[in-house]
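*Asks:* Structure, please.
(one chain, ligands or ions: 1)
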Amino acid sequence: MRSGDKLIVGLVGLVLVAAIGNGIYTANHPLEDKGIPFYSTLSEIEQVKGADLYRDLSCRNCHTIWAVKNIMETIPAPSLDGIGSLRSETWLYDYFSAKDPQSILPTRLKKKYAQPSYASLPEEKRRLLAKYFASLKVKDWYLQETKAAEYKKLTGKIYSQDQAQAQ
Ligand code: HEC
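*Replies:* Take a look at the predicted model:
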């Protein structure tokens, strides 16, 4: 074999070992990989329309979505992943249509960092935004885990089923 061939055989071998190793690893791994907890209920075509608008309106100057952080920004705006599990389409439409969004959701930030008003956008675009963000869901297990972690951080206690029911 020429050395180039050896290299290829070696590489294929490595890939095979990795594949087999990976198979064993996941089979014996005690924690099930639950995958990415965020998803959209819209078709891909509709998602693209929403994502385009999100980009064109520079929402990402402040917000994070699909867990991709905009490293240039330090504004503590909430991540919009899974927002549709927390807010309804109507709520979102009203929020984007409000002349003063802070009358709906108060802010602790200076005006220039707070949620801007999109009341002057054409209605069609506000509806599309509301539809898109309402479609962004978070899987229930992740929501429960996040709640439990937050509860522990705030109270130092373990989040139990009782607290879950009390909400
Ligand atoms: C200047 C920074 C900035 C821009 C630009 C911005 N936002 Fe926000 N947004 C915020 C902040 C900060 C909040 C939290 C409330 C507040 O402080 O006003 C927020 C809140 C929100 C919320 C409510 C989140 C919740 O907890 O319910 C939604 C939804 C939202 N923004 C969507 C958008 C969309 C869509 C765009 C683009 C059309 C956008 N934002 C543009 C800063 C921004």
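*Asks:* only C-alpha atoms for contact and neighbour calcs from this point on.
*Replies:* OK.
*Asks:* out of everything not next to it in sequence, what's closest to residue 149?
*Replies:* Excluding the flanking residues, the one nearest residue 149 by CA to CA, 6 or more residues apart in numbering is residue 159, at 7.9 Å.
*Asks:* same question, residue 120
*Replies:* residue 97 (7.8 Å).
*Asks:* which ones are touching that neighbour?
*Replies:* Shown in contact with residue 97 (CA atoms under 8 Å, 6 or more residues apart in numbering): 117, 118, 119, 120, 126.
*Asks:* Ramachandran coordinates for it?
*Replies:* Per-residue torsions, residue 97: phi -90, psi -10 (degrees, to the nearest 10).
*Asks:* What distance do you get for it to residue 91?
*Replies:* 10 Å (CA to CA, to the nearest Å).
*Asks:* quick one: residue 34 from residue 56, how far?
*Replies:* The value you get for residue 34 to residue 56, if CA to CA is used, is 33 Å.
*Asks:* Check residue 133 too.
*Replies:* 15 Å.
*Asks:* higher neighbour count, those two?
*Replies:* Neighbour totals were compared for residue 133 and residue 56, and residue 133 leads with 26 against 10 (other CA atoms under 10 Å).
*Asks:* Contact partners for the nearest residue to the more buried one once chain neighbours are set aside?
*Replies:* Nearest non-adjacent residue to residue 133, counting by CA to CA, 6+ apart: residue 84, 5.7 Å away. With contact set as CA under 8 Å, 6+ apart, residue 84 has these partners: 133, 134, 135, 136, 137, 138.
*Asks:* now do residue 126
*Replies:* Contacts of residue 126 by CA under 8 Å, 6+ apart are 93, 96, 97, 118.
*Asks:* can you tell me how far the third one sits from the ligand?
*Replies:* In this structure, residue 97 and the ligand are separated by 11 Å, where distance is defined by CA to the nearest ligand atom, to the nearest Å.
*Asks:* same check, this time on the first one
*Replies:* Summarising the geometry, the distance separating residue 93 from the ligand, computed by CA to the nearest ligand atom, is 9 Å.
*Asks:* hang on, isn't that residue packed against residue 130?
*Replies:* Yes - assessed by CA atoms under 8 Å, residue 93 is found in contact with residue 130 at 5.0 Å.
*Asks:* Show me which of these two is the more surrounded one.
*Replies:* residue 130 (24 against 21).
*Asks:* how about the more buried one, secondary structure?
*Replies:* Under the three-state scheme (DSSP: H, G, I helix; E, B strand; the rest coil), residue 130 adopts helix.
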